[in-house]
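Asker: Predicted model and sequence follow; I will ask about them next.
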Amino acid sequence: MISRLIIAAAITLFFTPAALIVAQEHPEHPKKGAEHPKKTGAEKQVSNADISAGIKKNIDAQSKKSTDSKFHVNYQGQDLALDLIRVHDDRLSDLGGGKYFACVDMTATDGKTYDIDFFLTGSPGKMKVTDTSVHKVDGKPLYDWKEENGTWHKVPAS
């Protein structure tokens, strides 16, 4: 009887996706070698390189518009003037439905490092940022990501 319970538990755990058990820091990015859904007509496939280029282009364009040549984000009522350190190319994600995710590290004039999450839409060469939020300050997360029924949600940091 006990061996049947152990076998049943092992089979159940084997088929339970790990993403549903543990909250993840960021939305999972497509696995290397995984193909995007086939597009038809004039639609172009968006690659991780397109997402990376899109976020860099957005940060550069916003920085050029500002008088201090910095990228600005509002955080807790403060206007943060930021410089790009790096794009987390390992965190780029195609979320489906023409939505994409990018995460970057930026440094502020006060010396703090900010991890900024970006959501984008668009096609290669024409990516548009739709949402930006400060995810971490000096490595300390303000929120985590958790997947529920195929949709990612922000949850309080653990």
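Answerer: Happy to help now that I have it.

Asker: buried stuff in the longest helix along the chain?
Answerer: Once the chain is assigned using DSSP state H, the helix that runs over the most residues is helix 48-65. Buried residues in helix 48-65, defined by neighbour count with 16 or more other Cβ atoms under 10 Å: 48, 50, 51, 52, 54, 55, 58, 59, 62, 63. Heads up, the C-betas are built off the backbone N, CA and C, glycines and all.

Asker: So what touches that helix?
Answerer: The contact list for helix 48-65 (Cβ atoms under 8 Å, 6 or more residues apart in numbering) reads 29-30, 69-72, 84, 87, 89, 92-94, 100-102, 104, 118, 120, 122, 124-125, 127-129.

Asker: switch to 6 Å and redo it
Answerer: 69-71, 84, 87, 89, 92, 100, 102, 118, 120, 124, 127, 129 (Cβ atoms under 6 Å, 6 or more residues apart in numbering).

Asker: Are any of those buried, and if so which?
Answerer: Among the contacts of helix 48-65, the ones that count as buried by 16+ other Cβ under 10 Å are 70, 71, 84, 87, 92, 100, 102, 118, 120, 127, 129.

Asker: any idea how far the second one lies from residue 46?
Answerer: Translated: residue 71. Counting by Cβ to Cβ, to the nearest Å, the gap from residue 71 to residue 46 is 22 Å.

Asker: and if you look at residue 100?
Answerer: Counting by Cβ to Cβ - residue 100 and residue 46 are separated by 7 Å.
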